[in-house]
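1. fold the following.
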Amino acid sequence: MNEFDCDLFVIGGGSGGVRAARMAAQRGARVVLAEAAALGGTCVNVGCIPKKLYSYAAEYSDHFADAAGFGWELDAPRFDWDTLKTRRAAEISRLNGVYEHLLRTAGVRIERGWAQLAGAHTVQVELGGELRRHRARHILLATGGTPWVPDFPGRELVITSDQVFDLAPFPRRLVIVGGGYIACEFASIFQGLGAQVTQLVRGEQILRGFDEDVRPFIAHEMRKHGVDLRLRSDLRSVVRANGHLAVSLQDGEVLPADAVLFATGRSPNTAGLGLEAARVRQDEHGAVEVDEHYRTSVPGIHAIGDLTARVQLTPVALAEAMALVDHLFGGGTRSVGYECIPTAVFTHPNIGTVGLTESEARERLGAIAVFRTEFRPLRHTLSGSTERTLMKLVVDCASDRVVGLHMVGAEAGEIVQGFAVAMKAGATKAVFDATIGIHPTAAEEFVTMREPVVGSGSSPVASDAA
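-> Presented below is the predicted three-dimensional model:
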């Protein structure tokens, strides 16, 4: 008699959990997935997808203004916040249904309830007040992350990115606390939609960890777009007064606000998961510790995605899910390379980046060459906009390989994705130089930069290729 009633029990119906469950079931495994909330996790419901839709909506304000320079005469546009919310909600609901359909057609059993570990191979799920226990050969933890907000007076009055999509009414005055990509994206989004946005950043600059040229460049562009970006500024308290929120800063200034959004980081979503009872080891930040095959400290229990806090990106969770399923139910040859992972930040303008920053390259490689260009995009020669584009290459002088590629500009994510393939394949600067550009595009600048920045190091091995 089989002591297990399933081969894989997945806790969490986000991107990584759904992918693992579906792929395992298609390989013949008996799979159960438990999710207490909407399928799709953060990315589909309160992350990547709705955020990108709102970013598109916010871009139209610039497009309407730019159109005049091309001869278009438009009546003053009017934005309806409720229409955007309704349309977004309908699309997210459709995607929830798509995820459920994919799981069920693959043969995955879905349990709509709260699941937690009850041992090395045991999961209990609360369904309608009753507990159902499962014995699983393998258990996968894929519960993702959750917004983190520090303790301060008035903490209960602020919101996080989980609530920002459905604010009512539209916040005409929005204070955003944080300098990471989530804070910067929502600053651009709500400014574009018509809010007066003040962004408070405790540090010296936004986007810690990004390239040193990218950070001040995008900060300048965001300010030009209208964001009141305040560096070395910190919040002290929030109180409700006279129908609005009063945000007190450490320097004594008080800002009136209709909403205060905290985007100060995310933490692994471990509450109520039963990690302690099952003796699953966590690091000092609460992330579940795993080895190269996503095994936790308890045999039979695995973890992927934001719960492990390796690289908190949806495509990374998907790749980890595929690698884990191959290890458990396939040939075990698939792995995830954590070097050269491309990413985008949907500020206005966008950021696209892949590989090493300039400082990382200097530290790891020593002699590097840096190629950098900044220009006014062709479309803005007629639009009248002062928005500019930045492009940068970082090259290892010893091998001539392009080890870092960074862009701030329209559609940066779309452009950088293709170059990420070339970099993953080991493309050299000579290969970039020998590639014919598509003219006129912004992307062609990546294959036409010939002169390294003065003082950036030696010229790369073959940087003078025609």
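
2. CA only for contacts and neighbour counts going forward, please
-> Will do.

3. in this structure residue 127 contacts residue 112, no?
-> Yes: contact between residue 127 and residue 112 holds when scored by CA atoms under 8 Å: they sit 7.0 Å apart.

4. neighbour-wise, which of the two wins?
-> The neighbour comparison of residue 127 against residue 112 (other CA atoms under 10 Å) goes to residue 112, with 18 against 14.

5. find me the pLDDT at that one, would you?
-> Residue 112 carries a pLDDT value of 96.

6. ok, now residue 242?
-> Turning to residue 242, the model gives it a pLDDT of 89.

7. then residue 252?
-> For residue 252, pLDDT reads 97.

8. what about it, distance to residue 204?
-> 19 Å (CA to CA, to the nearest Å).

9. over to residue 136?
-> Separation of residue 136 from residue 204 (CA to CA): 49 Å.

10. the closest residue to residue 50 other than its chain neighbours: neighbour count?
-> Here the nearest residue to residue 50 in space, its sequence neighbours aside, is residue 88; by CA to CA, 6 or more residues apart in numbering that works out to 6.6 Å. Around residue 88 there are 20 other residues, counting by other CA under 10 Å.

11. and for residue 152?
-> Using other CA under 10 Å: residue 152 sits among 11 other residues.

12. what does residue 145 give?
-> Counted by other CA under 10 Å, the residues lying close to residue 145 total 21.

13. what's opposite it in the beta bridge?
-> Counting by DSSP bridges, residue 145 is bridged to residue 268.

14. pretty sure it sits against residue 304.
-> No: the criterion here is CA under 8 Å, and residue 145 misses it with residue 304 at 11.2 Å.

15. ok, and what's touching stretch 400-417?
-> Contacts to stretch 400-417, defined as CA atoms under 8 Å, 6 or more residues apart in numbering, come from residues 211, 214, 217-218, 342-345, 348-358, 361, 388-396, 423, 426-430, 443, 460-463.

16. re earlier: which element is the residue nearest to residue 50 on?
-> For residue 88, the host element (DSSP states H and E) is helix 81-106.

17. chain center to that helix: distance?
-> 20 Å (CA atoms, centre = their mean, to the nearest Å).

18. residue 58 and residue 186 touch, don't they?
-> No: taking CA under 8 Å as the definition, residue 58 is not a contact partner of residue 186, at 10.0 Å.

19. okay, these two: which has more neighbours?
-> Per other CA under 10 Å, whichever of residue 58 and residue 186 has more neighbours is residue 186, with 25 against 20.

20. I'd like the mean pLDDT over stretch 308-325, please.
-> pLDDT averaged over stretch 308-325 gives 96.

21. then stretch 31-43?
-> 97.

22. gap between it and the chain center?
-> Stretch 31-43 sits 19 Å away from the centroid of its parent chain (CA atoms, centre = their mean).

23. and stretch 73-85, by the same measure?
-> Taking mean C-alpha positions (CA atoms, centre = their mean), stretch 73-85 and its chain are 27 Å apart.

24. next, the distance between the ends of it.
-> End-to-end distance of stretch 73-85 (CA to CA): 28 Å.

25. stretch 145-165 now?
-> End-to-end span of stretch 145-165 (CA to CA): 18 Å.

26. now do the helices in the stretch 251-400 of the chain.
-> Per DSSP state H, counting those that start in this stretch, the stretch 251-400 of the chain carries helices over the ranges 275-278, 314-329, 358-365, 380-383.

27. return the most buried member of these.
-> helix 314-329 (a mean of 21; mean count of other CA atoms under 10 Å).

28. and it, what other elements does it pack with?
-> Judged by 3 or more CA pairs under 8 Å, 6 or more residues apart in numbering; DSSP states H and E, helix 314-329 is in contact with helix 15-26.

29. what's the angle from the helix it packs on to helix 81-106?
-> Counting by axes from the mean of the first three to the mean of the last three CA atoms, to 10 degrees, helix 15-26 lies at 30 degrees to helix 81-106.

30. need the CA coordinates for helix 15-26. PDB is fine.
-> Coordinates of each C-alpha in helix 15-26 appear next as PDB, following Å, rounded to 0.1, in the frame of the first residue of the first chain:
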ATOM      1  CA  SER A  15       4.000  31.800 -10.500                       C
ATOM      2  CA  GLY A  16       6.500  29.300  -9.200                       C
ATOM      3  CA  GLY A  17       4.100  27.000  -7.500                       C
ATOM      4  CA  VAL A  18       1.700  26.900 -10.400                       C
ATOM      5  CA  ARG A  19       4.500  26.100 -12.900                       C
ATOM      6  CA  ALA A  20       5.900  23.400 -10.700                       C
ATOM      7  CA  ALA A  21       2.500  21.800 -10.100                       C
ATOM      8  CA  ARG A  22       1.600  21.800 -13.800                       C
ATOM      9  CA  MET A  23       4.900  20.500 -15.100                       C
ATOM     10  CA  ALA A  24       5.000  17.800 -12.500                       C
ATOM     11  CA  ALA A  25       1.500  16.600 -13.300                       C
ATOM     12  CA  GLN A  26       2.300  16.600 -17.000                       C
END
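
31. need the next SSE after it, C-terminal direction.
-> Using DSSP H and E, the helix or strand that follows helix 15-26 in sequence is strand 31-34.

32. show me what contacts the spatially most central residue of the chain?
-> Residue closest to the average C-alpha location in the chain (CA atoms, centre = their mean): residue 313, at 5.3 Å. Residue 313 makes contact with 305, 306 under the criterion CA under 8 Å, 6+ apart.

33. distance to residue 95 added to the helices of the stretch 251-400 of the chain, as CSV?
-> Converted to CSV, those look like this (distance: least, CA to CA, whole Å):
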stretch, distance to residue 95
helix 275-278, 30
helix 314-329, 15
helix 358-365, 39
helix 380-383, 36
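
34. quick one: which of these is nearest residue 81?
-> For the helices of the stretch 251-400 of the chain, proximity to residue 81 was assessed by CA to CA; helix 380-383 is nearest, at 26.3 Å.

35. so what secondary structure elements neighbour the closest one?
-> Using 3+ CA pairs under 8 Å, 6+ apart as the test, helix 380-383 ends up in contact with helix 48-67.
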